[in-house]
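[1] Provided below for reference: sequence and predicted model.
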Amino acid sequence: MSFSFQRSCLHPIRNARYRLICCLWFGFFPAAAPAQDSRELPGQNEERAQPAKDSVAARSETQPQDPLDLRVRRLYQRLESEFAFLLPEGEFDATLEKKVGYWAAEANAHYNFVRGEMGFFVRSFYNRFALLPQLQFRDRLIFVPLFSSDRAWRREQSMNLAGTFFLKTSLYATTSLAAQRFSFPSSVNVRELDSQHINAIGQTFGARLDSVRALGFRHTGNLETEVIRAVQAAGGSARFTQLRLASRGASENKWMRLSGQFTFLSLVNGRGAPEIFLGGRDKLSGFDANEFSGINMVYLSQRYSFFIKKKPSALPGKFSLTAFNWMLHAEAGQVGADKELRDLSLYHVSLGTGWDGAVAYRGERAFQFFIYAYKGLEHDQNVRYYVGVKI
């Protein structure tokens with residue numbers, strides 16, 4: 001991809017935007033070898049099934065090869081139940097997990113009291129063999145811009161059957177079959193419904209870097225390349241080919257943690273590709289939820305967490321403050337046609353800062369908390385505050 005730097009010297013805000021995007025583009029790679037989640041097709045909510053943001057504490061490269069169960073946990077998610085209350089969205093998230101022998105399942109449900117959005121996701125896999133089968137279902141309702149002014153609901157349903165084969169501890173390949181259905185008001189008459197059916201085959205090749213020491217940090221992360229082919233079969237109405245490149249990772253030492261993410265999605269050919277949305281928490285946090293849409297996407301994120309406090313401090317009532325951090329977060333992204341992705345002056349940039357920490361009760365983790373403030377680098381954007389508690 002070639003980028004156009006036209007008019008870059010004519011506007012100081014755009015100059016600052018170029019420099020920030022370039023820093024995000026080049027800066028997060030040393031801190032994060034790449035990654036993305038299990039086999040999700042574009043148009044789904046990527047944040048619900050992301051790979052684990054593992055702690056980079058402690059495994060020497062000289063240790064023996066990990067058993068498959070441990071590799072599965074590192075690749076997909078550290079299974080644990082969690083409840084989150086998020087403001088100002090007024091959102092409640094609940095994640096429940098269960099593991100019995102080689103079988104594991106995870107379910108997530110969320111409801112947004114302010115926008116009325118809701119969703120449900122369940123995933124199950126069996127990890128006894130080198131070939132890891134998994135089955136997942138998703139059903140969610142969101143509200144997105146309609147005709148560049150009002151917002152309309154959009155329901156997304158999907159079923160995905162995938163198999164991941166571990167070539168080595170750090171290399172894997174995944175083949176997936178997915179069926180998606182999108183329902184939304186008709187563009188001709190909003191009282192009527194339109195729907196879109198997509199049946200697709202995806203092939204992913206991924207590599208993982210796990211607990212590697214370099215330059216005073218311990219690094220972990222994933223890199224994935226996926227080709228998605230939608231076919232007009234079994235009721236599918238779309239026929240297209242997409243390319244997805246994804247990177248996610250983190251680096252940590254005793255003073256700070258750096259985490260980065262990069263996602264590139266491009267329509268190679270065909271028609272009927274679903275829209276992708278940017279905007280809102282962790283998807284350009286300085287902008288409104290699902291504010292931007294298109295069929296191609298570039299998204300970059302770099303987060304810095306500085307450890308202000310790592311040793312427990314006593315609080316009233318047998319509580320203790322076990323962690324307190326200062327956070328800086330920069331995001332840049334764009335969705336749309338190819339020409340819009342090539343022109344950096346059209347990219348949306350969000351900057352945020354804030355504090356987060358953890359509280360324990362009688363030595364056991366009780367809850368995590370955070371308060372962040374974000375600002376989109378466009379003249380009509382106000383400061384947006386995010387407050388939350390995770391149990």
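    On my side now, so go ahead. Numbers count the residues shown, from 1 in each chain.
[2] my guess is F217 meets A250, correct?
    No - judged on C-beta atoms under 8 Å, F217 makes no contact with A250 at a distance of 9.2 Å. All C-beta atoms are positioned from the backbone trio N, CA, C, and that covers glycine.
[3] Now for G333, how many residues are close by?
    If you count neighbours by other C-beta atoms under 10 Å, G333 ends up with 23.
[4] swap in S266?
    Neighbour count for S266, taken as other C-beta under 10 Å: 18.
[5] phi, psi of it?
    phi -140, psi 140 (degrees, to the nearest 10).
[6] where does the chain have low pLDDT?
    Applying pLDDT under 70 to the chain flags residues 1-80, 145-151, 190.
[7] Show me the longest strand that occurs in it.
    As assigned by DSSP state E, the longest strand anywhere in the chain is strand 193-214.
[8] What strands flank it, and is each parallel or antiparallel?
    When sheet partners are counted by DSSP bridges, strand 193-214 sits next to strand 171-185 (antiparallel), strand 217-231 (antiparallel).
[9] Give the buried residues for stretch 168-182.
    By 16 or more other C-beta atoms under 10 Å, the buried positions in stretch 168-182 come out as S170, Y172, T174, S176, A178, A179, Q180, R181, F182.
[10] Dump these to CSV, plus distance to G336.
    Below are the buried residues of stretch 168-182 laid out as CSV (distance: C-beta to C-beta, whole Å):
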residue, distance to G336
S170, 35
Y172, 32
T174, 28
S176, 26
A178, 24
A179, 27
Q180, 21
R181, 24
F182, 19
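[11] if we can go back for a sec, and the longest strand of the chain, how far out from the chain middle?
    For strand 193-214, the separation from the chain centroid amounts to 11 Å (computed by C-alpha atoms, centre = their mean, to the nearest Å).
[12] swap in stretch 276-291?
    The chain centroid and the centroid of stretch 276-291 are separated by 12 Å, computed with C-alpha atoms, centre = their mean.
[13] ditto for stretch 188-204
    With C-alpha atoms, centre = their mean, you get 22 Å for stretch 188-204.
[14] and what of stretch 300-315?
    Distance, centroid of stretch 300-315 to centroid of chain: 21 Å (C-alpha atoms, centre = their mean).
[15] So in that sheet, which strands flank whichever strand or helix holds D139, and in what orientation?
    Here D139 sits within strand 131-146, counting by DSSP states H and E. Partner strands and pairing direction for strand 131-146 (DSSP bridges) are strand 118-126 (antiparallel), strand 150-166 (antiparallel).
[16] now the ones you listed in CSV, with distance to L243 and mean neighbour count?
    Formatted as CSV, these follow (distance: least, C-beta to C-beta, whole Å; neighbours: other C-beta atoms under 10 Å):
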stretch, distance to L243, mean neighbour count
strand 118-126, 24, 18
strand 150-166, 18, 17
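[17] and of those, who's closest to N199?
    strand 150-166 (10.2 Å; C-beta to C-beta).
[18] how many neighbours does the closest residue to R155 other than its chain neighbours have?
    Using C-beta to C-beta, 6 or more residues apart in numbering and skipping the chain neighbours, the partner closest in space to R155 is S183 (4.4 Å). If you count neighbours by other C-beta under 10 Å, S183 ends up with 14.
[19] Next, the distance between the ends of stretch 328-347.
    Start-to-end span of stretch 328-347 (C-alpha to C-alpha, to the nearest Å) is 20 Å.
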